[in-house]
Every structure is written in C-alpha cells, then in structure tokens.
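In: Dropping a prediction and its sequence here:
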Amino acid sequence: MTREEYVESIKAISGTDVRKCMKCGKCSGRCPAFKDMDIKPHQFVTLLGQGKIDVLLESKAIWNCLSCMACVERCPRGVAPAAVVEAVRDTVVRMQGKNGIKAEDIPPIVDELIPQQLLVSAYRKYNK
C-alpha cells in the first residue's frame with residue numbers, strides 16, 4: 001500500500017473526520033496515559049490530517065492508549081482520537097500479519113470464565 005492508501009484506510013477504520021479537530025488539546029488533558037505517550041491524542045489526529053503516517057505507525061503510544069474514550073468524551077467537536085489510535089494499532093497489527101483469530105483458536109475453557117459478548121466482539125474485531 002502507498003502512504004496515501006494507509007492514510008485513507010486509517011481514516012475509514014477510525015470513522016473520524018480529522019478536519020473537525022481545532023487542536024484545543026482538551027482530549028490530551030483528559031488522557032490518563034498522557035505521561036506514557038510519545039504522541040498525545042490530539043497529535044494523532046493532527047498527524048493523520050497531515051498524512052504523516054510513518055510517525056504514527058512507529059509510535060509507542062498506540063500500545064499505551066487505554067482505549068478508555070476519555071478523550072472522546074472531552075472533545076467539543078466530536079472528534080475521536082481514541083478511534084484514530086485504535087485504527088493505527090490495527091493497521092500495525094495487520095502489517096505484521098497477526099490479524100485474524102479462528103474460532104478453534106479459542107480454548108474451550110475460556111467459555112466458563114469470559115462473557116460471550118467479549119468473545120464475539122474480539123472475533124469481529126480481529127477478523128476484519
């Protein structure tokens with residue numbers, strides 16, 4: 001894929017209109033993982049808008065994001081930085097060839113310990 005295709009793919013996966021971000025930083029101010037992130041939530045949106053995909057794909061912040069959606073709640077414009085982080089994370093996982101989970105890979109004992117909704121959502125998420 002070309003850089004532009006990755007940018008469009010991440011935008012599509014996240015469902016976020018990066019042009020709506022006014023760079024106020026409220027999302028980053030609310031982030032509980034702020035101190036551990038090399039790229040802050042508002043910077044993810046800005047970098048995606050600028051097409052700087054290489055910086056995003058190499059970021060350590062994609063693994064530090066808690067996906068708590070505090071940034072989404074705080075945004076006055078309805079931008080979802082957490083969705084952008086999740087989309088970048090999914091893209092990196094797919095580039096590594098590790099996307100995909102098969103029903104037979106889930107151990108039978110898990111059924112007793114984990115709610116079925118969790119299994120279904122994980123199955124849907126990793127089989128896109």
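Out: Looks like it arrived, so ask away.
In: For the longest helix along the chain, which helices and strands make contact with it?
Out: If you go by DSSP state H, the chain has its longest helix at helix 81-95. Judged by 3 or more Cβ pairs under 8 Å, 6 or more residues apart in numbering; DSSP states H and E, the packing partners of helix 81-95 are helix 3-14, helix 41-50, helix 53-57, helix 61-64, helix 70-74. Backbone N, C-alpha and C define where each C-beta goes, glycine included.
In: Can you tell me what sits against the last one?
Out: By that I understand helix 70-74. 26-32, 41, 79-83 (Cβ atoms under 8 Å, 6 or more residues apart in numbering).
In: Name the residues of that helix that come out as buried.
Out: 70-72, 74 (16 or more other Cβ atoms under 10 Å).
In: ok, now the shortest one?
Out: Along helix 61-64, the positions that meet the burial threshold by neighbour count (16+ other Cβ under 10 Å) are 61-62, 64.
In: okay, those in CSV with distance to Gly51 next?
Out: Listed next are the buried residues of helix 61-64 as CSV, based on distance: Cβ to Cβ, whole Å:
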residue, distance to Gly51
Ala61, 18
Ile62, 17
Asn64, 23
